[in-house]
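Engineer: After the sequence you'll find the predicted model.
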Amino acid sequence: MKIQTSRFGEVEIDESTCFHMVSPILGYESEKTYILIEHSDKSKFKWLQSIKTPELAFAVTSADAFDIDYSFELPESTQETLDINDAEDVLAFNIVVIPHENPRASTINLLAPLVFNINNRKGAQIILTGTDFKVDYPLFEKEAAC
């Protein structure tokens, strides 16, 4: 299947690799299906590209890729919704906001991770409760302190 994207032009995708959001990304409730696109082989970033809307793609990364001390327990309700039976089935990303004028001021949303079951391709954005995680944690905080 081919999709149009505003960042990558026309992209050939395998429909079996799409993720179907059973709990949508906040503010994008009508967007249900996404594909992960590699930014580049060596990049810590990926793009979560909407299948329906060419101009909608979220920059995502793993907090681990930036040595951020980050872990959370997946709520039982999310495990049930996504049919997760094993931790190895889980793929988690965080949305990154990258300002055009200063990419070093990028922030990562630690409060609302995107969680995917890699076996059945179901996904959800969850809001973590009882944590001090922020929606706008500085991505390059460690480098800025040097």
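Structural biologist: Cool, got the structure. Note that the coordinates shown come from a computational prediction; the quantities given were computed from them, not determined experimentally.

Engineer: The protein: helices as residue ranges?
Structural biologist: Listed in chain order, the helices of the chain (DSSP state H) span 76-81, 141-145.

Engineer: Least confident of the ones you listed, on average?
Structural biologist: Sorting the helices of the chain by mean pLDDT places helix 141-145 lowest, at a mean of 50.

Engineer: max-length strand in this structure?
Structural biologist: For the chain, the longest strand by residue count, based on DSSP state E, is strand 90-97.

Engineer: Can you give the strand pairings for it, parallel or anti for each?
Structural biologist: Under the criterion DSSP bridges, strand 90-97 sits next to strand 57-61 (antiparallel), strand 107-108 (antiparallel), strand 114-117 (antiparallel) in its sheet.

Engineer: Most tightly packed of those strands?
Structural biologist: Most buried of the strands paired with strand 90-97, by mean neighbour count (mean count of other C-beta atoms under 10 Å): strand 107-108, with a mean of 24. Glycine gets a C-beta too; all of them are placed from N, C-alpha and C.

Engineer: follow-up on the earlier one: tell me the buried residues in the longest strand of the chain?
Structural biologist: Residues of strand 90-97 classed as buried: 90, 92-96 (neighbour count, 16 or more other C-beta atoms under 10 Å).

Engineer: Not counting it itself, show me its contacts.
Structural biologist: In this structure, residues lying in contact with strand 90-97 by C-beta atoms under 8 Å, 6 or more residues apart in numbering are 25, 45-46, 48, 58-63, 74, 84, 106-110, 112-118, 136, 139.

Engineer: Would you map the strands across this structure?
Structural biologist: With DSSP E as the criterion, the chain has strands at 2-5, 9-12, 19-23, 33-38, 45-50, 57-61, 90-97, 107-108, 114-117, 122-125, 137-138.

Engineer: Reformat those as CSV; add mean pLDDT.
Structural biologist: Formatted as CSV, the entries for those read as follows, by pLDDT from 0 to 100:
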stretch, mean pLDDT
strand 2-5, 93
strand 9-12, 92
strand 19-23, 96
strand 33-38, 95
strand 45-50, 96
strand 57-61, 97
strand 90-97, 97
strand 107-108, 97
strand 114-117, 98
strand 122-125, 98
strand 137-138, 96
